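1. Fold the following for me, if possible:
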Amino acid sequence: RAAYLLGQLGPEPRPPGAGRTSSRLRVGYLSGSGFHNATTTARCMRSQYGMHDRMLVEVFCYAAQRDDGSEVRAAIKRGCDKFVELEGMGHREMAARIRGDGVHVLVDLTGFTISMQTEVLAAGTAPIQVAYHGYPGTMGAGFIHYLAADPISAPADHAEEHFTERLLLLPFSYLTNDHRQSRREVLLTDEEAAAAAAAAGSRPAPTRAQLGFDEDEVILCSFNQLYKIEPEVFATWMRILKRVPAAKLWLLRFSEEGAHNLRNQEEPPMLCQVHAPITPKNGKWLQLHLILFPLLSHEQNFNFWILASSQCCVISLRYLFKPCFGKTLSSIQARRHGVEPERIVIHEQFPTSYEFRVKALADLFLDTPLFNAHTTAGDILWCGVPLLTLPGENMAQRVAAGLVTGALTPETIARTLDDYEELAVRLAGARADVMRTLRERLKLGRGLEVRPAPVFDTHEALMIGREGFGWRGTCTLRLEYLLTLLWRDELIDTPRLHVALEGEGNSGRITAGPEVRNLC
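-> Residues are numbered from 1 along each chain as shown. Coordinates of the predicted model:
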C-alpha cells in the first residue's frame, strides 16, 4: 500500500543540501501509536530521548496519535528538543512537516504494527530512514535504508536472505528498556514495598502461597501470549514437568478459552495450517505477509499453527492457505501428556504497581522458540529471573538470545529443543545452587553497586571513543554514534552496506562493509 501511494504521490524533491546545514545531527523519531503508554516501545524508550548528547544531536519526536494523557508520553515530550503532534494530518502533510524540520535521520518506531505510518516513510521523508525497536523483522521496503538490530537477533550471514535493509548492529541487544529509571519497585525490600503499598492505598504483592505455590516447589513460568505456544514446545514443557516432580508451570490468562484448552479440554479446538514461501525480494505481497507473520523465516516453507480461539484468522496473499480441519490438540493438552492440570497455574495479569515483584517469585522463565519473549524477556531479566531460550532462524526467534547475552547469562541459551529440555531439567533440579548464582548475577547486573549489565545500561556512561568522536556508550549513545556515522557517510556520498559496533570491555570498534562479523 505504501509503495502504491508513493507511485501516486511521488516523493517531493529535496533541494541540494537540504537539511544539511545544521551543526548538530537531527534525529527524528516517528511513532505511529503516538508514544502512548499502551505500547511497549513507548514504555521501554521512555527516558532514551533525553539521554542523547545535546552537543551532538537535536531530537525530534513525531506523534501520529493524540495525547493519551499518560506520564510516559509526558516524559518523552520533556526529553526531546521538539515534540510534534501529527494527529489529524494526512501522510503527505506528515512527510512535509518532517521535511520542513530538516531531519537528517528518521527512525521509525512502529514498522508493520498497530497504527503504522509506512506511507510517510515511502515518501522519502528523510535522507536516511531507519527501522528500530517496534517491529522484529525486515520491512521488505527499499525506502527503509537500515534496520537497527544486534548481531544475535540479526546475524551478518542472514543479511542477504532475510533483510532488504542494510544492518545497523548494536552490541548485545538492540531492545532497550527503561527499567533502571522507571521500574525500580523490584529494588525495594519487602518492608519497603509493603509501606509503599499502604501509603498508596493499594494491595501488597501476593506471596508464593497466595499464588498457589508451596515454598519447596520450583516455579517454571512463561508469561508470553498463549498464541506463541506451539504443540512441540508445549509437549517439551510437559516432559520437563514429568522429569521434575516438584515443578509447576505458571502462565498468564490472556483468554479463558486458551487457558482451558491448555489444561484439559475434551473436545479439541480446530487448527489451521498456513504453508507459504517468503522472500523479501517479492515486494508486491511481502508487506502484508509481514504484518501477519513477523516471525516467518525467509526463503523457506514454514508451517504455522494457529489456535482457532479468540485470536485472529490468517490468510495468505499467495492463496496457499490450507485448512486442516479434523486435526487434534491432544499434543498440547496437559492431561493427555500425563500431567495433572493442577500443575499448570494460570493467573490474570497483575497490576503494574506490583507486577514485577510478583513475577520475581518465579525460578526460571521458559521462552517460546516459535516467537520469543521480547519486551517480556527484558522485564523478567530485570526481575532477576533466569530466562531459558532457544534461538531460531528469523529475527523474532532470536531477540531473547540477545537480551540474555546482554544480561550476562549466556549459559541459558539452548542449541536444540532437546538441549532446551535438558537445560531446563538441570536448572530446575539445581535450584539451590546454579539458579541462585544466575539470580545473583542478574540482580548485580541492575547496576546498583557495579556497572550495569549491557541490557540495562540505558543511563550509565563508559568511554568508547573511536575515529575522533569522543563517544560515551550508553544504549542511547551507542545508537547515536552509529547514526552519526551514517550521516557523515551520507554527506560524503559513501554509504556503508552494514555497520556494527563492537563492545569489548572499555573499548569499542566500528566494523563496516559488505560483510559484518558476528561481533558479540
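
2. Spell out the secondary structure type for residue 204.
-> coil (DSSP: H, G, I helix; E, B strand; the rest coil).

3. Mind naming the longest helix for the protein?
-> Counting residues, the longest helix found in the chain (DSSP state H) is helix 475-491.

4. Which positions in that one come out as buried?
-> For helix 475-491, the neighbour count (16 or more other CB atoms under 10 Å) marks 475-487, 490 as buried. C-beta here means a position set from N, CA and C on the backbone, and glycine is covered the same way.

5. helices or strands up against that helix?
-> strand 25-31, strand 57-63, strand 105-108, strand 128-132, strand 146-149, strand 498-504 (3 or more CB pairs under 8 Å, 6 or more residues apart in numbering; DSSP states H and E).

6. Mean confidence (pLDDT) on it, please.
-> Helix 475-491 carries an average pLDDT of 77.

7. Also stretch 185-197?
-> 86.

8. Please list the outside residues in contact with it.
-> Contact with stretch 185-197 is made by 203-205, 353-354, 356-357, 360, 382-384, 446, 448, as judged by CB atoms under 8 Å, 6 or more residues apart in numbering.

9. now for those residues, which pair is the farthest apart?
-> Spanning the widest gap among the contacts of stretch 185-197 are 203 and 448, at 26.8 Å by CB to CB.

10. What is the least confident helix or strand in this protein?
-> None of the helices or strands of the chain scores lower by mean pLDDT, DSSP states H and E than strand 321-323, at a mean of 28.

11. if we can go back for a sec, turn the helices and strands packed on helix 475-491 into JSON lines, including mean pLDDT, distance to residue 374 and mean neighbour count.
-> As requested, the helices and strands packed on helix 475-491 are arranged in JSON lines below (pLDDT from 0 to 100; distance: least, CB to CB, whole Å; neighbours: other CB atoms under 10 Å):
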{"stretch": "strand 25-31", "mean pLDDT": "96", "distance to residue 374": "17", "mean neighbour count": "24"}
{"stretch": "strand 57-63", "mean pLDDT": "96", "distance to residue 374": "22", "mean neighbour count": "23"}
{"stretch": "strand 105-108", "mean pLDDT": "96", "distance to residue 374": "17", "mean neighbour count": "26"}
{"stretch": "strand 128-132", "mean pLDDT": "95", "distance to residue 374": "13", "mean neighbour count": "24"}
{"stretch": "strand 146-149", "mean pLDDT": "93", "distance to residue 374": "12", "mean neighbour count": "26"}
{"stretch": "strand 498-504", "mean pLDDT": "66", "distance to residue 374": "21", "mean neighbour count": "20"}
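
12. got these as TSV, with distance to residue 396 columns?
-> Below are the helices and strands packed on helix 475-491 laid out as TSV (distance: least, CB to CB, whole Å):
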stretch	distance to residue 396
strand 25-31	21
strand 57-63	26
strand 105-108	17
strand 128-132	14
strand 146-149	11
strand 498-504	20
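
13. Tell me which of these lies nearest to residue 414.
-> Nearest of the helices and strands packed on helix 475-491 (CB to CB): strand 146-149, 21.1 Å.

14. other SSEs contacting that closest one?
-> For strand 146-149, the elements it packs on are strand 128-132, strand 166-169, helix 475-491, judged by 3+ CB pairs under 8 Å, 6+ apart.

15. CA atoms only for it, dumped as CSV, please.
-> What follows is strand 146-149, C-alpha atoms only, in CSV (Å, rounded to 0.1, in the frame of the first residue of the first chain):
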residue,chain,number,x,y,z
TYR,A,146,18.8,0.5,7.7
LEU,A,147,17.4,-1.9,10.4
ALA,A,148,18.9,-1.3,13.8
ALA,A,149,19.3,-4.7,15.5
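
16. partners of it, with directions?
-> strand 128-132 (parallel), strand 166-169 (parallel) (DSSP bridges).

17. so for the last one, what's the average pLDDT?
-> Pointing back at strand 166-169 there. For strand 166-169, the per-residue pLDDT averages 91.

18. Report the distance from it to the chain centre.
-> 16 Å (CA atoms, centre = their mean, to the nearest Å).

19. Identify all contacting residues around it.
-> 130, 145-151, 154, 156, 159, 482, 486, 495-501, 516, 519.

20. Could you give the average pLDDT over stretch 397-405?
-> 96.

21. Name all residues that make contact with the nearest residue to residue 247 once chain neighbours are set aside.
-> Leaving aside its chain neighbours, residue 247 sits nearest to residue 218 (4.2 Å; criterion: CB to CB, 6 or more residues apart in numbering). With contact set as CB under 8 Å, 6+ apart, residue 218 has these partners: 244, 246-248, 363-364, 428, 431.

22. and those residues, which are buried?
-> Neighbour counting by 16+ other CB under 10 Å classes 244, 247-248, 363-364, 428, 431 among those as buried.

23. Of all pairs in the residues you listed, which one spans the longest distance?
-> 248 and 431 (12.7 Å).

24. Please name every helix or strand in contact with the helix or strand where residue 95 lies.
-> Using DSSP states H and E, residue 95 maps to helix 91-100. Using 3+ CB pairs under 8 Å, 6+ apart as the contact test, the elements touching helix 91-100 are strand 57-63, helix 118-122.

25. That helix: how far from the chain's middle?
-> Worked out by CA atoms, centre = their mean, helix 91-100 lies 28 Å from the chain centre.

26. Strand 57-63 and that helix, what's the angle between them?
-> 170 degrees (axes from the mean of the first three to the mean of the last three CA atoms, to 10 degrees).

27. dump the residue contacts of the residue most central in space within the chain.
-> Taking CA atoms, centre = their mean, the centroid of the chain lies closest to residue 374, which sits 3.7 Å from it. Applying CB under 8 Å, 6+ apart to residue 374 gives the contacts 40, 136, 175, 396, 399-400, 403.

28. cutoff 7 Å now
-> Listed by CB atoms under 7 Å, 6 or more residues apart in numbering, the contact partners of residue 374 are 136, 175, 399.

29. now do residue 139
-> Residue 139 touches 111-112, 131, 165, counting by CB under 7 Å, 6+ apart.

30. Equivalent analysis for residue 78, please.
-> Counted by CB under 7 Å, 6+ apart, residue 78 has contacts residue 50.

31. got it, and residue 135?
-> Contacts of residue 135 by CB under 7 Å, 6+ apart are 110-113, 294.
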